[in-house]
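*Asks:* Let me see the structure of the following:
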Amino acid sequence: MTDFFLFRLVAAPLGWLLKLIYTLINSFGFSLILFTIIVRAIMLPLNIKQQKSSARQALLSPKIKQLQKKYANNREKLSEEQMRLYAEEGVNPMGSCWINLIPMLVLFSFIRLVYMPLTYVSNVDKDTLKNAESMVYNMYVASEEAQANQKTIQQLINELPSGQKLEEVFSDEKTYPKTSKIDSEKLAQMCNGFRICPDVDKFLTNENYISKNNIRTASYGQELVILTIIQHDDGKYRKLFEYLVGNEFTDKVYNFNYSISGVSLGRIPTFKSWICVFPILSFVFQILVTVVSQHYTKKNNPEAADMMKSMNIMLYGMPLFSLWFTFKYPIGLGLYWVVSALFSLFQTIFLNKVYTPEKVQALIAKEDKTRKKSGKKNMFEKALELQEQQNGTAKKSSIPKEDYDDEKPKSRSKQKNQATARLNEARKREAAKYGEDYNED
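*Replies:* Here you go, the predicted model:
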């Protein structure tokens, strides 16, 4: 997952909200459900605005068609008249586009919260967390290379010659090319950790518990690995982390409730497990939202419904995308998408029941009256004025340069020279008329 600055920026306030809810509920799963409802409720005014914007465009549809028919052969004039119409009616045809981007921005920012719950929601020390992530990654690299050599950590310890340390084995650049590059101090700490829990290598390399993508990604996923290891089997590996990073950090992670009804939200869903219900529900609710939205669009604005037929691939492609997406990421993200889609379903029904076409038209008329009374100009009115000013400037600048120069006042010497030239030209014509020679001197 690309770590965009914008996602980090949006994730910060989202993390504060989720942390506040978790402090009250002490369950990441149920906090996530409440968090989703609150975030979608905050965005509700924007959805109402989008509803009114769609209604405005529906009212303008017949006029737009008339303009398209009238200026079918003059695209420039059509564009100008459409802009004039939008300005007069106070409509911004692109007004609802940016509103559609906000849920996606929240979704991709929320991914950080799912993958980094210890950073955004827990109270663990962040420097200690980084140290733990580094140590877990080093242990995984060593375990993977030992496995590639068909060895377990327990076998390596048992096969050590008298007087040889495990650190010396991992210092062999030929057999352990990656592990041998680990700093000597960290290598010694890692080997001591292996001595405390010599079977942890089997757990780290077992994809039923640990996702390779999670443990290999520095900016994402390693927090989920730490949670999984410390909380596994009633704290089987707690003593490992108590040695590596201390009791306080280990206790906070062990007691962090990153689950819903006993199911860890860090698990990746598969069809082999019942948790695949999260992606499937996400898909089903997204389909329902699409069907219900199309029903109301066809009922309230048949012309727009005809246009949307060409967008069916995109409309039904989004639920398919959510199905694929939620199978690729932890079920915490799937839970968010399920609740969000369910909220969208009820929101669509609510908005179309409460904000009927008649009520929306009345609201639009009221807003237009207020806007005209205030004298405040909308974006298209300002754009139209600017265009007219530019057209006026262009007309002025289209005058030929020589004509424009003739209008400028001339100096006396120029005027005298021009008068002399005209007089000589007249004398020359007179001389030619009578067959005489003419000399200007």
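
*Asks:* Can you show me the strands along this protein?
*Replies:* 259-260, 263-264 (DSSP state E).

*Asks:* residues of the helix ranked longest in the chain that come out buried?
*Replies:* Taking DSSP state H as the criterion, the chain has its longest helix at helix 44-70. By neighbour count on 16 or more other Cβ atoms under 10 Å, the buried set for helix 44-70 is 47-48, 50-58, 60, 64, 67. Backbone N, C-alpha and C define where each C-beta goes, glycine included.

*Asks:* nearest to Leu240, of the strands of the chain?
*Replies:* strand 263-264 (19.0 Å; Cβ to Cβ).

*Asks:* Phe194 against Asp201, yeah?
*Replies:* Yes - when contacts are counted by Cβ atoms under 8 Å, Phe194 is listed as touching Asp201 (7.3 Å).

*Asks:* shared neighbours of the two, which are they?
*Replies:* Any residue near both Phe194 and Asp201 by Cβ atoms under 8 Å, 6 or more residues apart in numbering counts here, and that gives Met139, Ala142, Ile153.

*Asks:* Closest to Tyr237 out of these?
*Replies:* Met139 (10.6 Å).

*Asks:* what about the stretch 251-400 of the chain, any weak spots by pLDDT?
*Replies:* Low-confidence segments of the stretch 251-400 of the chain (pLDDT under 70): 301-315, 371-372, 374-400.

*Asks:* Which parts of it are helices?
*Replies:* 277-300, 302-308, 312-328, 331-354, 357-374, 379-397 (DSSP state H, counting those that start in this stretch).

*Asks:* that older thread, dump the strands of the chain to TSV, plus mean neighbour count and distance to Tyr71.
*Replies:* Below are the strands of the chain laid out as TSV (neighbours: other Cβ atoms under 10 Å; distance: least, Cβ to Cβ, whole Å):
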stretch	mean neighbour count	distance to Tyr71
strand 259-260	18	58
strand 263-264	18	61
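
*Asks:* now those in JSON lines, with distance to Ser180?
*Replies:* Compiled in JSON lines, the strands of the chain are given as follows (distance: least, Cβ to Cβ, whole Å):
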{"stretch": "strand 259-260", "distance to Ser180": "38"}
{"stretch": "strand 263-264", "distance to Ser180": "34"}
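
*Asks:* between these, which gets nearest to Thr297?
*Replies:* Here strand 259-260 is closest among these (Cβ to Cβ), at 34.9 Å.

*Asks:* which strands and helices sit next to that closest one?
*Replies:* Applying 3 or more Cβ pairs under 8 Å, 6 or more residues apart in numbering; DSSP states H and E, one finds that strand 259-260 contacts helix 28-42.

*Asks:* picking that back up, of the strands of the chain, which approaches Lys239 most closely?
*Replies:* Checking the strands of the chain against Lys239 by Cβ to Cβ gives strand 263-264 as the closest, at 21.0 Å.

*Asks:* counting contacts, what elements does that closest one pack onto?
*Replies:* Counting contacts by 3+ Cβ pairs under 8 Å, 6+ apart, strand 263-264 is packed against helix 222-231.

*Asks:* Tell me what angle the helix it packs on forms with helix 331-354.
*Replies:* Using axes from the mean of the first three to the mean of the last three Cα atoms, to 10 degrees, the inter-axis angle of helix 222-231 relative to helix 331-354 is 120 degrees.

*Asks:* Output helix 222-231 as PDB, nothing but the C-alphas.
*Replies:* Taking Å, rounded to 0.1, in the frame of the first residue of the first chain, the C-alpha atoms of helix 222-231 are listed here in PDB:
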ATOM      1  CA  GLN A 222       4.200  -5.400  11.200                       C
ATOM      2  CA  GLU A 223       2.000  -4.100  14.100                       C
ATOM      3  CA  LEU A 224      -0.500  -6.800  13.200                       C
ATOM      4  CA  VAL A 225       2.300  -9.300  13.400                       C
ATOM      5  CA  ILE A 226       3.300  -8.100  16.900                       C
ATOM      6  CA  LEU A 227      -0.300  -8.300  18.100                       C
ATOM      7  CA  THR A 228      -0.700 -11.800  16.700                       C
ATOM      8  CA  ILE A 229       2.500 -13.100  18.300                       C
ATOM      9  CA  ILE A 230       2.000 -11.600  21.700                       C
ATOM     10  CA  GLN A 231      -1.700 -12.600  21.900                       C
END
